[in-house]
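# test case, fold it:
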Amino acid sequence: NYIIISNNPEILEINDHTVKGVSEGTAILRFTSNNNLVSEQSVNVKPVDPYYLSVKCLDQIHVGDKKKCDVFYSPINITHKDFAWESSNPKVLGIDSNGWVVGKQIGESTITVRHKPTGKTASYDLSVVPIPVESIELTGDKSCLPLRESLQLNATIIPKNATDQGIEWLSSDETVATVTPHGIVKGLKPGIVVITAATNNGINDTYVLEILGKNERKGTPQDIDIPVEEVLLSGDTHLITKGESLQLKATVVPLNATEQKVEWGSSDNTVATVTSDGKVTGINAGSAFVYATSQNGKKAYYIINVWRDKLLPISPRPVSPQVADVDAIQSANVKTMKVVIYCDCDDYNHVGNEWGFSFYINGEEFTSGDTVKLSPGDTISVTSTIWEDENVPDVGEETTRKKITQEELESGFKIEQIVDVEENRGRYSGNVASWYVTYRFYE
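Here you go, the predicted structure:
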């Protein structure tokens, strides 16, 4: 039997013969036996340092936006939570001492966080992208224009701070009226003309004018019929979470088509629904096609992948080095990873409008949200097959193999593919639709 006393309980605490480090520093333990034999031992209490560090931000922000980046570390009880932040390209992306980033100009930058006491770092790539045009409004003060006279039309871009302010002006019939790059319309002969102002991302508005003949009184514009040839769909992303919404936009081609209205629908309302104005809401995990159909039957599709939970930054479960054993370390090498699969095609290029998809991982068919078990050094094989859904389909397929590292298992990783589907007949034979497929793996 003996008694243990610490000369500095604020550094080293003794409780029922159990020693506990309280704060960083050095303390002396005095051991006294029943027969008054005394022994002393110096104990150095070291800080708890992070053995894992990661940083998470959005993948991209707009010029002028301000967002917060977060740092994650293990174990969670590190002694010194003192971090420094820096941007590899401060002219593109600024960052303050608390991890707040601000987009300054279009470009890319790498955000790095450093644990000051140990020098351990983690990085994250972030892009600064343009502020997109959401809508455009075309206005003028006349509906009829006398022959040889001019009219100034005004186009207002919303939001006003959109990065690309470029506008293309079009006349439906340049023999009736022309329009300059600054929106000045000049009447050339009697008739009806539709003036269109379109932004570079496909947003447009129209203005109908009647050009009057010599000595002609103000008349009523006649009906003109410019049919829709194609419908284009656009949105900010193809991946949303359950309960999250996404606004899609439909653009008819040509831009000056008479009937601009489209009807919206979803291939699976149990996965995603869509309103009459193109607002998509995730209902359950899975994939669905949202489509828009013009009044003359032209249709376009937009794939939506719904994930059941928010995609949170990856942070491994803290494991205290003092209690970790060999079995725990070995079992930690096998990870169960969730797989999110989503794809995008910017231009169908007249190859097709209705599509079919299949995705395989290590020879087994997968859907978004399935899981796969992986260990360091494993080679994973992913195969994406995409086909035009018709009697004689055009098919594209791509297989990628990747050897997985320990770091990728801990922080998550992605595999990206481009699947080309080539039209094999008809007047568009040889055209290629390129699908961009991404497999994201999370613990």
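
# residue nearest the middle of this protein, spatially speaking?
residue 237 (5.4 Å; Cα atoms, centre = their mean).

# need the pLDDT of that residue.
pLDDT recorded at residue 237 is 79.

# that one and residue 427: what is the separation?
34 Å (Cβ to Cβ, to the nearest Å). No exception for glycine: its C-beta is placed from N, CA and C like everyone else's.

# same question for residue 382.
34 Å.

# looking at these two, which one has more neighbours?
The neighbour count for residue 382 versus residue 427, taken as other Cβ atoms under 10 Å, is higher for residue 382 (22 against 8).

# is that one in a helix, a strand, or coil?
The three-state label given to residue 382 by DSSP: H, G, I helix; E, B strand; the rest coil is strand.

# leaving out the residues flanking it, which one is nearest to residue 27?
residue 12 (3.7 Å; Cβ to Cβ, 6 or more residues apart in numbering).

# so the one you found bridges to which residues?
Residues in a beta bridge with residue 12, per DSSP bridges, are residue 21.

# could you check the pLDDT of it?
Predicted confidence (pLDDT) for residue 12: 89.

# from residue 338, how far off is it?
43 Å.

# neighbour-wise, which of these two wins?
It is residue 12, of residue 12 and residue 338, that has more neighbours when counted by other Cβ under 10 Å, with 21 against 18.

# for that one, what are its contacts?
Applying Cβ atoms under 8 Å, 6 or more residues apart in numbering, we find residue 12 in contact with 6, 19-22, 27, 29, 43, 45.

# same check, this time on residue 362
So residue 362 contacts 372, 380-381 (Cβ under 8 Å, 6+ apart).

# for residue 375, same thing?
Contacts of residue 375 (Cβ under 8 Å, 6+ apart): 333-335, 404, 409.

# tell me which of those is nearest to residue 417?
Of all those, residue 404 has the smallest distance to residue 417: 16.7 Å, by Cβ to Cβ.

# find the nearest non-adjacent residue to the closest one, please.
residue 378 (5.0 Å).

# helices along this structure, start to end?
Remark: helices assigned in the chain by DSSP state H are 326-332, 406-411.

# for the residue nearest to residue 404, give its distance to residue 336.
13 Å.

# who's more crowded, the two?
Neighbours per residue, other Cβ under 10 Å: of residue 378 and residue 336, the larger number sits with residue 378, 16 against 9.

# hang on, the more buried one packs against residue 402?
No - counting by Cβ atoms under 8 Å, residue 378 does not reach residue 402; the two are 9.2 Å apart.

# pull the helix or strand with minimum mean pLDDT from this protein.
helix 326-332 (a mean of 42; mean pLDDT, DSSP states H and E).

# any idea how far stretch 107-117 is from the middle of the chain?
Chain-centre distance of stretch 107-117: 21 Å, with Cα atoms, centre = their mean, to the nearest Å.

# meant to ask about stretch 257-276
The chain centre lies 22 Å from the centre of stretch 257-276; the measure is Cα atoms, centre = their mean.

# buried residues of that stretch, list them for me.
Buried residues in stretch 257-276, defined by neighbour count with 16 or more other Cβ atoms under 10 Å: 257-258, 260, 262, 264, 266, 268, 271-274.

# any regions of the stretch 151-300 of the chain where pLDDT drops low?
For the stretch 151-300 of the chain, applying pLDDT under 70 flags the ranges 214-225.

# mind doing that once more with 80?
213-226, 236-237, 254-258 (pLDDT under 80).

# equivalent analysis for the stretch 1-150 of the chain, please.
Scanning the stretch 1-150 of the chain for pLDDT under 80 picks out 1, 58.

# how about residue 147, nearest residue that isn't a chain neighbour?
With sequence-adjacent residues excluded and distances taken as Cβ to Cβ, 6+ apart, residue 147 is closest to residue 187, at 5.3 Å.
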